[in-house]
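K.L.:
Pasting the sequence and the predicted model now:
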Amino acid sequence: MNKPRMHVRRLLGSAAMLAGLLAGEAGADELPLSRVVLSSSGLAQFTHSGSITGGSTVELSVRLQQVDDILKSLTVLDRQGAVGAVTLPGKAPLDELFQDLPFGPDALASPTALLNALVGSEVEIAGPVIAKGRVFRVETEEVTLPNNGGQTSRHRLTLMTEKGLVQAVLEELTALRFTDAQANAQIERALAGLRENRAKDRRTVSIGFLGEGTRRVAISYVVPAPVWKTAYRLVLPKEGEKARLQGWAVVENLTGGDWKNVDLLLVSGNPVTLHQPLYTAFFAERTEVPVSTAARVTPHTDDAQARLAARPPPPMVFSAPKPAPAPAFALPGGVRPAPAREASAPEVLAAAAQAAEAEEASTQLLYRFPARISLGTGHTMMVPFVDREIAVTRTWLYQPDTAARHPLAAVQVRNDGETSLPAGIVTAYDAAADGSMNFVGDAQLPLLLRGMPKFVTFALDSKTDIRRDDKGVVRSTLGKAVNGVLTLTTRSRRSIAYEITPPTEEDREITIEEPRLAGWSPAAESKGVDATPTRWRYKIPAPKGQTTKAALAIECVDAETITLTELGPEDILARLRGLQNENAAVRDAVARLGALVAEMTKAKSERLQLDAERKKIADDQERIRRNLQSAGQGSDLGRRYLDMLKTQEDRLAEINRADKAFETEIAAKRQAAEELARQLKL
């Protein structure tokens, strides 16, 4: 007895997420969409549940670009049966199909094209001409219609029969049949393939269910989807510290199928999402062995072939491996757990959902809607996910890099609820005395964890004027010297002055925000300065009708240790000058070092002059030697050249002695500077 077959069609939307399973047959053969989980990371999990009969097959019609994600994430939940094979056509099924047929897809464009593609096949024709033979050719010819009706095209079929060539006009035939069973099977196969792939970018995933009887099952998968957006409404009170916060989720159904009475969950988080081309076939490269001939059969070649034969073949890698009879999430028909009581499929799914939520609670925010929702394909919907009071404090936030002369009207929001709030855009309203609301501005709410305060700015306060004067950075350096080791402590101080003039009829509490620099901290006199990862925050009360002055001072301390005995006198002097804590010993050392450096500088200058004179003499001697060679040593001119060379050699000897003396003097003064640095106490 044939078991019923269930066909379920999946429609995909332009946003590339799988949604409603629409049944091709009515009644119990449907697996309706029951649960949608939309993530702010751009993914969606869809779950379909319903009753199936053992031996049936569910077919999901999916878009080609979604097959990789289907193969990656498809999960089947079936407590009472087992899952059979999960199959689908290849990535290019028509290419594979026509690769094994004697004709291409163009042959099915018309009977003429098919007959010309199957030249040599045997056919029977009926009509004005009755014949049986092999197709020789079909030719197009132009004919003139009677009564000057113009011209038309018709096709003349030529058959090779037992009696020779027989021709017939294809348009006049009443029947044409291929007598070859193989040709008929090939044509049927091609037509069936075209029918199954009528939608060029769709594939059909078939999921078989084993076992017997009717039971409830569920199918779940994760695919790309439009990101759901958050839009808040914040109604600020006239007085008090509680504002009304209402959060709406903007959801889009771009699935190609309607959502009807589904459980909707929203997830805000940043999970790791991966994509892998599982639907693409990969083949490992193999070593190509040349064809051997008798002339090439040598011991070396034989040995090489033996090594190749001993090498294990490379593994074959496929993108879509053969599915196992029972996936990990399915319970095989022969193995059933022994629960305390029999649970239905929805209860099993709910338990899995609760487990997943508990596991993901540390990294994601989940919002489950109490009522089922419906949303037509191609439509957008707003659903509220939070509506409660929230603690707020009115303030004015001064960010000089945003507005140089005016603060921003803001509130400090503290999440005093039980769950965190995802980031989103905020529209702020002021509550009027008559119960109406007045728009005051838009803002951005960052991720708000439980108990965490955040500033929300929504307008520029042009009534308040702030003048900011950055005094710049002043540096002071203190030194400590022991046994020739100098420790320098440099304190950098930056001071910023503010003059705040609020409106005459309202007080202000201004929160100053200045960029926070690494290594800097508030000075001791700057009290009540808070630090965020990127900003310093400093509150300044500004009573109405008067100008308030305040200042923020921050400091940075750097320490450096220097071994003075490893430096030259010039560097030692540069390090010791300008210390704020210099004493008489340091001043004396600086004076003595100055004298040593001056004497060394003079000695170095003298050495440079001697070196220049030495180079000039060397150039002159080269010229004199060339002239001497030309004049000859016995001539009067030659003897003059020899006297000049002797005089220059004597001068070179004096220069070398003087240079050696200067070198010794400089070394002695350098040693004296090192000894002075070693004896310095600070």
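P.N.:
Received the coordinates, thanks.

K.L.:
how deep is Arg607 tucked in, by neighbour count?
P.N.:
Neighbour count of Arg607, defined by other C-beta atoms under 10 Å: 19. Yep, even glycine has a C-beta here, placed from its N, CA and C like the rest.

K.L.:
actually Glu663, sorry about that
P.N.:
Neighbours of Glu663 using other C-beta under 10 Å come to 13.

K.L.:
mind checking how far it is from Pro146?
P.N.:
125 Å (C-beta to C-beta, to the nearest Å).

K.L.:
again, but for Tyr398
P.N.:
Between Tyr398 and Pro146 the distance is 96 Å, computed by C-beta to C-beta.

K.L.:
Which of those two has more residues huddled nearby?
P.N.:
When neighbours are counted by other C-beta under 10 Å, Tyr398 and Pro146 differ, and Tyr398 comes out ahead with 26 against 6.

K.L.:
need the contact list for Ala550.
P.N.:
497-498, 500, 512, 538, 540 (C-beta atoms under 8 Å, 6 or more residues apart in numbering).

K.L.:
Go ahead and list the helix or strand containing it.
P.N.:
Using DSSP states H and E, Ala550 sits in strand 548-563.

K.L.:
helix or strand right after that strand?
P.N.:
Downstream of strand 548-563, the first helix or strand assigned by DSSP H and E is helix 569-576.

K.L.:
Beyond that following helix, next helix or strand please.
P.N.:
Downstream of helix 569-576, the next assigned helix or strand under DSSP H and E is helix 584-631.

K.L.:
Would you mind giving the contacts of Ala550 as CSV with distance to Leu449 added?
P.N.:
Shown next, in CSV, are those (distance: C-beta to C-beta, whole Å):
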residue, distance to Leu449
Ala497, 36
Tyr498, 31
Ile500, 32
Ile512, 25
Tyr538, 24
Ile540, 28
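
K.L.:
from the residues you listed, which is closest to Thr204?
P.N.:
Closest approach between these and Thr204, by C-beta to C-beta: Ile512, at 64.3 Å.

K.L.:
and the closest residue to that closest one other than its chain neighbours, what does it touch?
P.N.:
In space, not counting the residues next to it along the chain, Ile512 is nearest to Tyr538; the distance is 4.3 Å by C-beta to C-beta, 6 or more residues apart in numbering. Neighbouring residues of Tyr538 by C-beta under 8 Å, 6+ apart: 511-512, 514, 526, 528-530, 550, 552.

K.L.:
Could you report the neighbour count for Ser51?
P.N.:
Neighbours around Ser51, by other C-beta under 10 Å: 16.

K.L.:
That one touches Arg216, doesn't it?
P.N.:
Yes: with contact defined as C-beta atoms under 8 Å, Ser51 counts as touching Arg216 (5.5 Å).

K.L.:
how far does stretch 497-512 sit from the chain's center?
P.N.:
43 Å (C-alpha atoms, centre = their mean, to the nearest Å).

K.L.:
mind listing what's buried in it?
P.N.:
498, 500-502, 508, 510-512 (16 or more other C-beta atoms under 10 Å).

K.L.:
Now tabulate these in CSV and tack on secondary structure.
P.N.:
CSV is the format used below for the buried residues of stretch 497-512 (DSSP: H, G, I helix; E, B strand; the rest coil):
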residue, secondary structure
Tyr498, strand
Ile500, strand
Thr501, strand
Pro502, coil
Arg508, strand
Ile510, strand
Thr511, strand
Ile512, strand
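
K.L.:
Can I get those residues in CSV including distance to Ala423 and pLDDT?
P.N.:
Output for those, formatted as CSV (distance: C-beta to C-beta, whole Å; pLDDT from 0 to 100):
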residue, distance to Ala423, pLDDT
Tyr498, 31, 96
Ile500, 31, 96
Thr501, 35, 95
Pro502, 32, 94
Arg508, 28, 92
Ile510, 26, 94
Thr511, 21, 93
Ile512, 25, 94
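
K.L.:
Nearest to Pro102 among those residues?
P.N.:
Pro102 has its nearest neighbour among the buried residues of stretch 497-512 in Thr511, at 81.7 Å by C-beta to C-beta.

K.L.:
quick one, what contacts that closest one?
P.N.:
395-398, 410, 455, 537-540.

K.L.:
is it in a bridge, and if so with what?
P.N.:
Listed beta-bridge partners, Thr511: Leu397, Lys539 (assigned using DSSP bridges).

K.L.:
how close does it get to Arg587?
P.N.:
Using C-beta to C-beta, one obtains 48 Å as the distance from Thr511 to Arg587.

K.L.:
what about the closest residue to Val267 other than its chain neighbours, neighbour count?
P.N.:
With C-beta to C-beta, 6+ apart as the criterion, Val267 has its nearest non-adjacent residue at 4.4 Å, and that residue is Ser39. Using other C-beta under 10 Å, Ser39 is surrounded by 22 other residues.

K.L.:
From what I see, Ser39 and Gly269 are in contact.
P.N.:
Yes: between Ser39 and Gly269 there is a contact under C-beta under 8 Å: 6.9 Å.

K.L.:
Show me whatever sits in contact with both of these two.
P.N.:
Common neighbours of Ser39 and Gly269 (C-beta under 8 Å, 6+ apart) are Gln364.

K.L.:
And the protein, what are its domain boundaries?
P.N.:
93-196, 465-564, 569-679 (automatic domain parsing).

K.L.:
Got phi/psi on Gly150?
P.N.:
Main-chain dihedrals, Gly150, degrees, to the nearest 10: phi 100, psi -160.

K.L.:
Show the contacting residues for it.
P.N.:
Per C-beta under 8 Å, 6+ apart, neighbours of Gly150: Thr144.

K.L.:
Going by neighbour count, list what's buried in stretch 640-652.
P.N.:
641, 645, 648.

K.L.:
now the one helix or strand the last one maps to: mean pLDDT?
P.N.:
What that stands for is Gln648. Per DSSP H and E: Gln648 is located in helix 636-679. The pLDDT scores in helix 636-679 average 88.
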